[in-house]
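Chemist: task: produce atomic coordinates for the following.
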Amino acid sequence: PTKFREKNWDRMDRHDSGKIIVGPITPFKANGKLDLAALDEEVAYVIREGASEVVAVGYLIQDYTLLSTCERKELIERTAAAVGKKVPLVAGVNGRTTLESRELIEFVRALSVSKVISGIPFGRRPSLQEIYGYFDFLNEQAPAPIFFYHHPGLGFELPAEAVDRLMQLSNVGYLKETSH
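Modeler: Purely as a prediction, here's the structure:
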């Protein structure tokens with residue numbers, strides 16, 4: 001048994017279909033700093049307009065690849081505060097390295113997140129074994145069910161067998177496939 005199934009979490013609950021999961025854009029001030037007040041407004045807007053869940057620093061949204069780990073934590077924390085209990089929060093824990101993902105996982109552990117989202121570590125082309133190791137790590141450490149983001153457009157398309165293997169992990173229950 002997995003830690004999430006004990007909470008009545010099912011790998012692909014049919015009630016999850018048709019949800020609108022929104023990742024707000026990252027607002028910046030003219031000086032290049034995060035505009036957290038504008039983020040609050042944007043989160044309120046997407047919830048008011050029908051978002052079923054809100055993503056904080058998801059994979060390839062909110063400029064995650066350009067932000068420092070500190071800035072990513074700041075965005076996650078502020079998004080969590082803006083979301084409150086209105087809708088579930090999905091937190092991005094994708095790291096450039098496993099160490100960065102570990103730091104983000106420890107950070108979001110204290111927040112009430114419904115899911116965490118991660119894709120293949122960004123910035124280099126890992127081997128299939130490294131990808132399996134990364135997701136095995138996430139499977140063991142994530143504080144919530146894992147949403148796997150497969151984005152072949154980044155120049156690294158996983159074979160169907162590899163995606164299937166990742167989806168078989170006990171706590172990976174959601175897949176976002178971005179193909180051409």
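Chemist: only C-alpha atoms from now on, for both contacts and neighbour counts.
Modeler: Noted.
Chemist: what residues are up against the most centrally placed residue in the chain?
Modeler: Closest residue to the average C-alpha location of the chain: Ile117 at 2.2 Å, with CA atoms, centre = their mean. Contacts here follow CA atoms under 8 Å, 6 or more residues apart in numbering; on that basis Ile117 touches 58-59, 90-94, 146-149.
Chemist: beta-bridge partners for it, please?
Modeler: The residues listed as beta-bridge partners of Ile117 by DSSP bridges are Gly92, Phe147.
Chemist: that one and Asp35: what is the separation?
Modeler: 23 Å (CA to CA, to the nearest Å).
Chemist: what do you get for Val93?
Modeler: 21 Å.
Chemist: those two: which is more packed in?
Modeler: Higher neighbour count among Val93 and Asp35: Val93, with 30 against 15, using other CA atoms under 10 Å.
Chemist: now do the contacts for the more buried one.
Modeler: Val93 makes contact with 57-58, 101, 104-105, 116-118, according to CA under 8 Å, 6+ apart.
Chemist: export those to a markdown table and append columns for pLDDT and distance to Ala160.
Modeler: Formatted as a markdown table, the contacts of Val93 follow (pLDDT from 0 to 100; distance: CA to CA, whole Å):
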| residue | pLDDT | distance to Ala160 |
| --- | --- | --- |
| Val57 | 89 | 26 |
| Gly58 | 80 | 23 |
| Ser101 | 89 | 25 |
| Leu104 | 94 | 28 |
| Ile105 | 93 | 27 |
| Val116 | 93 | 22 |
| Ile117 | 91 | 19 |
| Ser118 | 89 | 18 |
